[in-house]
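Asker: Build me a structure from this.
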Amino acid sequence: MLLKIPSKWFVLLTLFLVPLAMQAGETGKISGRVIDKESGEPLPGANVVIVGTSMGSATNLEGDFYIVNIPPGKYDVRASFIGYKTEIQTEVVVWIDKTVRIDFQLEVSALEMQEVNVVAYRPDEVEKDVTATKLSYDIERLDELPGISDITDCSICRQMWITATFEA
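Answerer: From the prediction side, this is the model:
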């Protein structure tokens with residue numbers, strides 16, 4: 001005997017189940033840890049990237065990383081950290097709805113750079129008792145300052161500290 005399902009229930013059931021089936025996993029995940037090879041200490045902030053893609057992650061304080069939404073396939077995964085040699089794990093296979101665990105042990109690498117010479121110069125005339133910026137102007141050259149047409153522009157003169165030099 002066949003069950004008769006009303007057509008509106010069949011449509012509602014189909015509309016509910018089809019999106020669930022479409023949301024089934026289509027991607028995988030890579031997780032792991034990056035540590036110092038000698039000490040075994042985690043390396044927080046190390047970069048882990050899938051070579052040839054824009055996908056990657058930085059490690060957390062415990063050295064753990066997670067790269068999600070990776071299409072299935074074979075990838076080369078690179079871990080790098082400043083002061084350490086870069087390590088690449090090749091042929092990492094990512095499966096749908098699976099987490100692949102890969103760990104990196106990075107070796108310390110000495111960075112050699114050219115020496116840097118820093119030379120400082122100081123002006124010959126430094127007023128040691130002045131604690132603020134001081135501008136000094138000659139009273140004859142006051143009209144050369146921008147915004148001053150003559151000495152009677154008192155509003156501008158009050159905004160500046162002017163040391164006038166008078167000849168006796």
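
Asker: Pretty sure residue 49 sits against residue 77.
Answerer: Yes: assessed by Cβ atoms under 8 Å, residue 49 is found in contact with residue 77 at 7.3 Å. C-betas here are computed from N, CA, C, even on glycine.

Asker: lowest-confidence helix or strand of the chain?
Answerer: helix 154-159 (a mean of 49; mean pLDDT, DSSP states H and E).

Asker: higher neighbour count, residue 49 and residue 77?
Answerer: Neighbour tally, residue 49 and residue 77, criterion other Cβ atoms under 10 Å: the higher count belongs to residue 77, 25 against 20.

Asker: was I right about residue 84 contacting residue 43?
Answerer: Yes: using Cβ under 8 Å, residue 84 makes contact with residue 43 at a distance of 7.2 Å.

Asker: Identify the contacts common to these two.
Answerer: 36, 106 (Cβ atoms under 8 Å, 6 or more residues apart in numbering).

Asker: low pLDDT regions in the protein?
Answerer: 1-7, 9-24, 123-124, 126, 134-143, 145-168 (pLDDT under 70).

Asker: where along it do the helices fall?
Answerer: 7-22, 154-159 (DSSP state H).

Asker: What separation is there between residue 38 and residue 106?
Answerer: 10 Å (Cβ to Cβ, to the nearest Å).

Asker: Neighbour count for these two, which is higher?
Answerer: residue 106 (20 against 10).

Asker: Which residues does that one form beta bridges with?
Answerer: residue 36 (DSSP bridges).

Asker: Let me see the contact set for it.
Answerer: Per Cβ under 8 Å, 6+ apart, neighbours of residue 106: 34-37, 43, 46, 79-81, 84-87.

Asker: Those, buried ones only, as a PyMOL selection?
Answerer: In PyMOL, a selection of the buried entries from the contacts of residue 106 looks like this (16 or more other Cβ atoms under 10 Å):
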select buried, resi 34+35+36+43+46+79+80+81+84+87
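
Asker: from the contacts of residue 106, which is closest to residue 102?
Answerer: residue 79 (8.8 Å; Cβ to Cβ).

Asker: wait, the closest one sits on residue 103?
Answerer: No: assessed by Cβ under 8 Å, residue 79 is found out of contact with residue 103, at 9.2 Å.

Asker: Relative to residue 88, how far out is residue 106?
Answerer: Residue 106 is 11 Å from residue 88, by Cβ to Cβ.

Asker: what sits in contact with each of those two?
Answerer: Contacts common to residue 106 and residue 88, judged by Cβ under 8 Å, 6+ apart, are residue 79.
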